[in-house]
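Can you look at this prediction? I've put the sequence above it.
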Amino acid sequence: MKIKLFTSILILLIHTSAFGQMFYFTIYNQNTSTNFLVASYKNQAITFCSIDDITKALQLSSSIDRTNLQQVINLKDGELTLSAFNPYLVYRSRSGIELSHQIDVESDYRYGTIYVPINNFIEFFNRVSERTLTVDHRTNIIRLESGRISGIVSSLPTQPETKSTVEQPNTVSEIKREIETPARTPSNYDIYDFTLTEKSNGYIFRLKSKKPIRSVSKNYASKTFYLRLNNLTVNPEKFNTKINNGLIAEVTSVQQQNKTDIKLILNFDLQSNEVVSEKGTNDILILLHVRPDVVEKIRETRNLRQTNKNNISFDIVVIDPGHGGKDGGAVGYKGTKEKDINLAIALKLGSIIKNNNPNIKLVYTRSDDRFIELYRRGQIANENNGKLFISIHCNSTPARPGNSQGYEIYLLRPGRSEDAIKIAERENSVIKLEEGYEERYKHLSDENFILTAMYQTANVKHSEKFAEILDDKFRKTLPLKRNGVKQAGFYVLVGASMPSVLIETAFLNNPTDERFLNTSSGQQQFAESIYKAIIDYKNYYEEVASK
C-alpha cells in the first residue's frame with residue numbers, strides 16, 4: 001500500500017517548436033516555487049523525455065557513462081539503469097534483486113543525453129520507486145506525488161512471460177548462485193555459435209545450440225530483430241560482433257540472469273521473419289526475408305567491396321624489357337645490344353620476386369627476344385590490372401666513346417632538359433618499325449597531350465613516390481654515377497594506366513658503364529635494387545590505399 005506524502009508537483013507540457021515535435025516540460029514545485037525545464041520530443045506519436053533533465057527535476061542523483069551511453073539513476077532502495085538504443089530498463093535493488101522491463105521502442109541519444117519513451121519510463125518507475133508519477137495526455141500534465149512504499153522491492157510481482165516483459169528471478173539465492181558460477185569457456189555455453197546463409201529471398205541465421213531451445217520470443221522494429229531465450233547461456237564473444245556482411249551489420253547479446261536477449265542490427269528492412277526449429281538438431285533457424293532487389297544489391301555491394309580489396313592489394317607488377325626482336329635498341333661501344341641487357345635484368349628481377357615474394361604476380365611485356373609495339377606494352381599492363389609498370393632500358397649518346405655515365409629514372413612528363421628530350425625522342429623513334437605508326441601515334445607528337453594524360457590520372461604521385469624510393473636504392477647499392485629522377489615524354493609510359501617509371505640503367509656508349517652492364521653481377525645488382533624498391537613501395541601503397 002502506497003502512503004502519499006509531501007508535495008505534489010505539476011509538470012506542464014509547453015510547445016516550443018513550430019512543428020509541434022519538440023517540447024519542454026515545466027516542472028513546478030508549489031512548495032518551493034521552483035521551476036525546471038525538461039526537454040522532450042515526439043517521434044511517431046511516442047513522447048521521449050530527457051532522462052538527465054527528469055533526474056534533475058526530481059532531485060535524483062545519477063551518473064552517465066558517455067562511452068557506453070548508459071545512465072544509472074540512484075533511487076532509495078536501488079539503481080535504475082537505462083542505455084541508449086536499448087529496449088530495456090533494469091532495476092537492481094540493494095538486496096540483490098534484479099528486475100528488467102522491455103519498453104516499446106529503444107531509448108534514444110541526442111544532444112548529449114538519453115531520451116526514453118515517457119509512458120514506459122513512468123510505468124517502470126512507479127514499480128521500483130517510492131514515488132508515483134501519473135500522466136494525462138489530454139491536458140499534457142504529469143503529476144508527481146511523493147510517498148513511501150512499504151516493502152517495495154520485496155513485493156515486486158513476478159510478471160508472466162510475454163514479449164514485452166522480463167520475468168524477475170525467484171529468490172536472492174538464485175541470483176547469488178548465478179553470480180558465483182565459475183566463468184565459462186566458449187565450449188561451455190549452450191548457444192555457442194551462429195552461421196549465416198544467403199538465399200534467393202533472404203538469409204538464414206542459424207543459432208547453434210547444445211541444448212533444446214524450448215522457449216523463444218521475437219520482435220522486429222526499425223531494422224532491428226530481437227530474440228529472447230529462456231534458461232540458456234550464450235557465448236558473448238561470438239554474439240557481440242560486427243558482421244557487416246550486407247544484411248546484418250552487428251550482432252549483440254545481453255545475459256540477464258535466466259534470460260538472454262540477442263539483437264540483430266540490420267542494414268535493410270525485412271519483409272517478414274520466422275523462427276523455426278530444425279528437426280534432428282537443437283538448432284533454431286531465423287528466417288529473414290527481404291525483397292529480391294535487396295539481395296541483389298547486397299551481392300553487388302559485396303562484389304564491389306571485393307574489387308576494392310583487390311585494388312588495395314599490391315599484387316601485380318608489370319616488367320617491360322625495352323626493345324626486342326627487330327628493334328635492337330642502342331648499341332654499345334663494344335657492340336653490346338641494349339635489348340639483351342634489358343631482358344637479362346628483367347628476367348633476373350622476375351626471378352628474385354618469384355623466389356622471395358610469390359604473392360606478387362609477374363607480367364612481362366616480353367620474356368624473350370621478340371618485337372612488341374610500344375602501344376601494345378601499355379595494353380598488356382592494363383589488361384593484367386598491373387599495380388606498377390617498370391620499363392627497363394639502357395642509355396646512350398652519339399659520342400663513341402662517350403663521357404656520359406650513370407643511371408637515370410624517368411617519369412612521364414614533357415621533357416625539361418634538352419638531353420631528356422633527345423633521350424625520349426630516341427626511345428620513341430622505334431615506332432617507325434611498327435606498321436601504321438603515323439596514324440596510331442599522331443596525337444602523341446604534341447607534348448600537351450602527354451601533359452593532359454598525365455595530370456588526368458591519380459597515378460602521378462605514386463609514380464613519383466616509386467621513383468624516389470628507387471633512386472634511393474640505386475644510390476646506396478650501385479657503383480654508378482647518380483643522375484637522379486627526371487621527366488620526359490616516353491610513349492611507352494603513356495598507355496600504362498598505373499604508376500610507372502622508365503629506367504635508363506647506364507650508358508652503353510661509355511666503356512665503363514658497358515662493362516658493368518655486360519656482367520651478370522652488374523645485372524643482378526640492378527635487379528636486386530629494383531626489387532628492394534618494389535617491396536618498400538608495396539608497403540607504402542597498401543598503407544595509403546587502406547586509409
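Received it, and whenever you're ready, just let me know what you need. Quantities reported herein were computed from a predicted structural model and do not represent experimental measurements.

Give me the three-state assignment for Ala346.
helix (DSSP: H, G, I helix; E, B strand; the rest coil).

how close does it get to Leu37?
Using CB to CB, to the nearest Å, one obtains 77 Å as the distance from Ala346 to Leu37. Glycine gets a C-beta too; all of them are placed from N, C-alpha and C.

can you give me the helices in the stretch 251-400 of the chain?
292-312, 338-356, 374-383 (DSSP state H, counting those that start in this stretch).

Export these as a markdown table, with columns for mean neighbour count and mean pLDDT.
As requested, the helices of the stretch 251-400 of the chain are arranged in a markdown table below (neighbours: other CB atoms under 10 Å; pLDDT from 0 to 100):
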| stretch | mean neighbour count | mean pLDDT |
| --- | --- | --- |
| helix 292-312 | 13 | 70 |
| helix 338-356 | 20 | 96 |
| helix 374-383 | 20 | 81 |
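
Just send the ones you listed back as JSON lines, with distance to Ser277 too.
What follows is those, written out as JSON lines (distance: least, CB to CB, whole Å):
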{"stretch": "helix 292-312", "distance to Ser277": "25"}
{"stretch": "helix 338-356", "distance to Ser277": "54"}
{"stretch": "helix 374-383", "distance to Ser277": "53"}
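
Nearest to Glu198 among these would be which one?
Nearest of the helices of the stretch 251-400 of the chain to Glu198, taken as CB to CB: helix 292-312 at 7.2 Å.

what about Gly406, distance to Asp513?
For Gly406, the distance to Asp513 - CB to CB - is 7 Å.

for Ala381, same thing?
From Ala381 to Asp513 the distance is 28 Å (CB to CB).

ditto for Ile265
65 Å.

Among the two, which residue is more densely surrounded?
Asp513 (27 against 16; other CB atoms under 10 Å).

My guess is that one contacts Asn403. True?
No - counting by CB atoms under 8 Å, Asp513 does not reach Asn403; the two are 10.7 Å apart.

Would you verify that Gln59 is located in a helix?
No - using three-state DSSP, the secondary structure at Gln59 is coil, not a helix.

Count the neighbours of it for me.
Gln59: 9 neighbours (other CB under 10 Å).

what does Asp269 give?
11.

wait, what's in contact with it?
By CB atoms under 8 Å, 6 or more residues apart in numbering, the contact list for Asp269 reads 223, 290.

what's the answer for Val318, then?
So Val318 contacts 363-365, 380-381, 384, 386, 388-390, 496, 498 (CB under 8 Å, 6+ apart).

While we're on the closest residue to Leu82 other than its chain neighbours, how confident is the model there?
Of all residues not flanking Leu82 in the chain, Leu89 sits nearest, at 5.1 Å (CB to CB, 6 or more residues apart in numbering). As predicted, Leu89 sits at a pLDDT of 85.

ok, what's across the strand from Leu89?
Leu82, His101 (DSSP bridges).

isn't it right up against Ile122?
No - look at Leu89 against Ile122 with CB under 8 Å: they stay out of range, at 11.0 Å.

Who has more neighbours out of these two?
The residue with more neighbours, out of Leu89 and Ile122, is Leu89; 26 against 19, by other CB under 10 Å.

give the contact list for that one.
80-82, 100-101, 103, 116, 120-121, 124.

now the helices for this structure?
51-57, 118-128, 172-179, 292-312, 338-356, 374-383, 418-428, 437-440, 447-455, 460-477, 491-494, 511-518, 520-545 (DSSP state H).

Can you tell me the number of residues neighbouring Tyr537?
22.

out of everything not next to it in sequence, what's closest to it?
Phe466 (4.7 Å).

OK, contacts around Gln71?
Applying CB under 8 Å, 6+ apart, the residues near Gln71 are 51-52, 62-65, 81-83, 114.

How about Asp52?
62, 64, 71, 113-114.

If you average pLDDT per helix and strand, which one of this structure comes out bottom?
helix 172-179 (a mean of 31; mean pLDDT, DSSP states H and E).

Isn't Cys49 up against Asn119?
No - applying CB under 8 Å as the test, Cys49 and Asn119 come out as separate, 10.0 Å apart.

okay, those two: which has more neighbours?
Neighbour count, other CB under 10 Å: between Cys49 and Asn119, Cys49 has more, with 25 against 15.

Run a quick neighbour tally on the closest residue to Gln71 other than its chain neighbours.
Leaving aside its chain neighbours, Gln71 sits nearest to Ile64 (4.4 Å; criterion: CB to CB, 6+ apart). Residues near Ile64, counting by other CB under 10 Å, number 18.

Ile64 reaches Ala84, doesn't it?
No - assessed by CB under 8 Å, Ile64 is found out of contact with Ala84, at 9.8 Å.

which residues do these two both contact?
70, 114.

quick one: pLDDT of Ser63?
Residue-level pLDDT assigned to Ser63 equals 88.

is it in a bridge, and if so with what?
Val72.

That one and Asn483, how far apart?
68 Å.

thinking again about what came up before, point out the least confident one among the contacts of Val318.
Lowest pLDDT among the contacts of Val318: Ala496, 69.

how is this structure carved up into domains?
According to automatic domain parsing, the chain comprises the domains 2-179, 186-296, 313-545.

Look up how far Asn510 lies from the residue sitting furthest away from the middle of the chain.
Distance from the C-alpha centroid of the chain peaks at Arg400, with 59.4 Å (CA atoms, centre = their mean). Using CB to CB, Arg400 is found at 10 Å from Asn510.
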